[in-house]
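# Kindly return the folded structure for what I paste below:
(one chain, ligands or ions: 1)
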Amino acid sequence: MAKAPPPATTRRSPLTTIESSRDRERLRTVVFPEHSDLAIAVADRIVEVIQRETRARGRVVLGLATGSTPLGVYEELIRRHQAGEVDFSHVITFNLDEYYPMTPDSPHSYHRYMWENFFSHVNIAKENVHIPEGVTPRERVVDACAAYEDAIRAAGGIDFQLLGIGKTGHVGFNEPGSDAASRTRIVTLDTLTRKDAGADFFGVENVPREAITMGVATILDAKEIALLATGEHKAGIVARAVEGEISTDVAATFLQRHQSATFYLDLPAAAELTRINTPWILEGVDWTPAMVERSVVWLAERANKAVLKLSARDYAEHQLSPFKCSIGCATRFGDGPSCPTTSGCSCSRPIRTTTSSRWAAFCASCGKTKTRSSWPT
Ligand code: PGA
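Alright, predicted model coming up:
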C-alpha cells in the first residue's frame, strides 16, 4: 500500500551552501551544510524545469532514479504538488534501471518503489511513466532496450536527469567497465553493489545478479543532470568522480564531459573533496582561526608529530608554506609579543592555534612553535 505523503511545507528561508575554492573540481558541485536543503534545492530545480518546458513545449521529460538518496526529493515534489505549486499531467518520465529478473509487484522492484514513493501521490498519467521491464524474456531484452532508447528519443530527449551514485561509482547500473558509448542494455551487477543491496533483500544471495540500465551515453544525452549524494559512505567515490581522471573504472567520471551536470552533496558526502577536507592546499583560503587550527592538526597527523614538534620543513612539505606567509595578519595572537622562536624572524606576531588537548602558538614566518606558558608576556 502507498505511504501517506508528508504534510505540506510553508515558505522557508534561503538555502545555505558552502562556498570555497573549486580549483580541483572537474564539474560543478553544490555542498549543503543542512542535509534537508539538498532535497529542497533539487526539487526547486525540477519544478523550474517542469514549468519552463511545459510552457515552451507543452510537456517535459524527466529521467528518474531510485535508491535511498532521492527519497527526500520525491517527498518535496509531492508536497509542492499538494500545495498546488506543480502539475505533473504533462510530465513524461524514464527511470534509469530495474533489476533483472524482477516482477513489477515485488517489494524489491523499482516499479513498486516509484509508485509507492512518488507516482501515486502526484497527477502523472500512467502511460507517461517508463521503467525498464524486469520481466522481459531474455531473448527479447536486446529489442526491449532498443525500444527504450527509441521511446526516449520520441519523447524529445530527457530534459532533466536525476542520478544517485553507488559505491562503485555507478550511475544507473553502469558498473566499472561501462564505457561512454554504452546505451540501455542488460548488465551484470558488481559484487559491491550486490553487497550494498543485501540488507534490502535479506541476504546478498537474494540480490539479482543482473539489471537493465540506461547506458552512460543515454544519461549524457540529457540536457541537465543532477547527481545527488548523501552520507559519509559516499565521500570517497564522490571525490574520485569530481576530482579524478575520467575512466571506465568509475562511470560517474563521464559526467565531467557534460556541459550541465551538477553534484548536489550534503557535507558528509563532500567530506573528501579537497575544498572541504584540506582547503589549505588550495589558493585563496580564508585563514580563519578555525582553519588554522584544522590545518595544523591535520599537519601534525600527517607528519606523525606533536603540534609543537612541527618544523618549517613540515609546513613546506605539506603545501602549507602559503599559510606561513599569508596569515600573519589574519589570526594574530591578540596584541602578543614578537615571535620568540628564532632570532631574525620577520614575523612580529605569533599565531595562536589550539588542539582539543592543548594549544600552542607558532610563528607565521619560521613555522616554529611554542607553548603559551613559555611565551614571553
Ligand atoms: P542509494 O543508491 O541512493 O541507495 O545510496 C544510489 C545508487 O546506487 O545509485
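# can you give me the strands in the stretch 251-377 of the chain?
In the stretch 251-377 of the chain, the strands defined using DSSP state E, counting those that start in this stretch lie at 261-266, 350-354, 359-363, 369-371.
# Check the ones you listed for me: which has the lowest mean pLDDT.
Mean pLDDT is lowest for strand 350-354 out of the strands of the stretch 251-377 of the chain, coming in at a mean of 46.
# contacting residues for the residue of the stretch 1-150 of the chain with the smallest separation from the ligand?
Closest to the ligand within the stretch 1-150 of the chain is Gly67: 2.7 Å, counting by Cβ to the nearest ligand atom. C-beta coordinates here come from the backbone N, C-alpha and C atoms, glycine included. Going by Cβ atoms under 8 Å, 6 or more residues apart in numbering, Gly67 touches Gly164.
# pLDDT score for it?
We have a pLDDT of 97 for Gly67.
# quick check, it in a strand?
No. Read with DSSP: H, G, I helix; E, B strand; the rest coil, Gly67 is coil and lies in no strand.
# Does Glu48 lie in a helix or a strand, and which?
Using DSSP states H and E, Glu48 falls within helix 35-57.
# what packs against the following helix or strand past that helix?
On the C-terminal side of helix 35-57, the closest following helix or strand by DSSP H and E is strand 60-64. Contact here means 3 or more Cβ pairs under 8 Å, 6 or more residues apart in numbering; DSSP states H and E; on that basis strand 60-64 packs against helix 35-57, strand 91-95, strand 160-163.
# Looking at those, which is nearest to Gly63?
strand 160-163 (3.6 Å; Cβ to Cβ).
# Which SSE is immediately downstream of the closest one?
With secondary structure assigned by DSSP H and E, strand 160-163 is succeeded by strand 185-188.
# what's the closest residue to the ligand within the stretch 201-350 of the chain in contact with, if anything?
Per Cβ to the nearest ligand atom, Lys234 is where the stretch 201-350 of the chain lies closest to the ligand, at 7.0 Å. For Lys234, the contact set (Cβ under 8 Å, 6+ apart) comprises 165, 167, 268-269.
# Buried among those? Make that a ChimeraX selection.
To isolate the buried members of these in ChimeraX, using 16 or more other Cβ atoms under 10 Å:
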select :165,268,269
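# In TSV, list the contacts of Lys234 along with distance to the ligand.
TSV is the format used below for the contacts of Lys234 (distance: Cβ to the nearest ligand atom, whole Å):
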residue	distance to the ligand
Ile165	6
Lys167	8
Pro268	13
Ala269	10
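# JSON lines please, covering the contacts of Lys234 and showing pLDDT.
As requested, those are exported to JSON lines (pLDDT from 0 to 100):
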{"residue": "Ile165", "pLDDT": "98"}
{"residue": "Lys167", "pLDDT": "97"}
{"residue": "Pro268", "pLDDT": "96"}
{"residue": "Ala269", "pLDDT": "98"}
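# In terms of distance to Ala222, which of the contacts of Lys234 ranks first?
So of those, ranked by how close each gets to Ala222 (Cβ to Cβ), first place is Ile165, at 15.5 Å.
# wait, the closest one sits on Thr253?
No. Applying Cβ atoms under 8 Å as the test, Ile165 and Thr253 come out as separate, 10.7 Å apart.
# between the two, what contacts are shared?
Ala241.
# Show me which residues of the stretch 151-300 of the chain are close to the ligand?
Counting by Cβ under 6 Å from any ligand atom, the stretch 151-300 of the chain comes close to the ligand at 164-166.
# again, only using 8 Å
163-167, 170-173, 193, 196, 228-231, 234 (Cβ under 8 Å from any ligand atom).
# Find the residue ranges of the protein scoring beneath the pLDDT cut-off.
1-12, 289, 321-377 (pLDDT under 70).
# Tell me, domain by domain, which residues of it belong where.
28-276, 281-374 (automatic domain parsing).
# quick one: Ile212 is in a helix?
No. Per three-state DSSP, Ile212 lies outside any helix segment and is strand.
# residues contacting the closest residue in space to it that isn't next to it in sequence?
Of all residues not flanking Ile212 in the chain, Pro132 sits nearest, at 3.9 Å (Cβ to Cβ, 6 or more residues apart in numbering). Going by Cβ under 8 Å, 6+ apart, Pro132 touches 95, 97-98, 144-145, 148, 184, 212-214.
# Backbone dihedrals for Pro132, please?
phi -50, psi 140 (degrees, to the nearest 10).
# could you pull out the helices for the chain?
Taking DSSP state H as the test, the helices found in the chain are 35-57, 71-82, 110-117, 141-154, 191-197, 216-220, 235-243, 267-270, 274-277, 289-303, 312-317, 321-326.
# Which residue is the nearest non-sequential neighbour of Asp200?
His108 (6.6 Å).
# Sorry, wrong one. I was asking about His233.
Nearest to His233 is Lys167, by Cβ to Cβ, 6+ apart, at 6.8 Å.
# got it, and Leu220?
Excluding its sequence neighbours, the residue lying closest to Leu220 (Cβ to Cβ, 6+ apart) is His258, at 5.6 Å.
# residues contacting Val91?
Applying Cβ under 8 Å, 6+ apart, the residues near Val91 are 50, 54, 59-62, 124, 128.
# change it to 7 Å
50, 60, 62, 124, 128 (Cβ atoms under 7 Å, 6 or more residues apart in numbering).
# Could you export the residues you listed as JSON lines, including distance to the ligand and neighbour count?
Shown next, in JSON lines, are the contacts of Val91 (distance: Cβ to the nearest ligand atom, whole Å; neighbours: other Cβ atoms under 10 Å):
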{"residue": "Ile50", "distance to the ligand": "22", "neighbour count": "22"}
{"residue": "Val60", "distance to the ligand": "23", "neighbour count": "24"}
{"residue": "Leu62", "distance to the ligand": "16", "neighbour count": "23"}
{"residue": "Ile124", "distance to the ligand": "21", "neighbour count": "22"}
{"residue": "Asn128", "distance to the ligand": "23", "neighbour count": "18"}
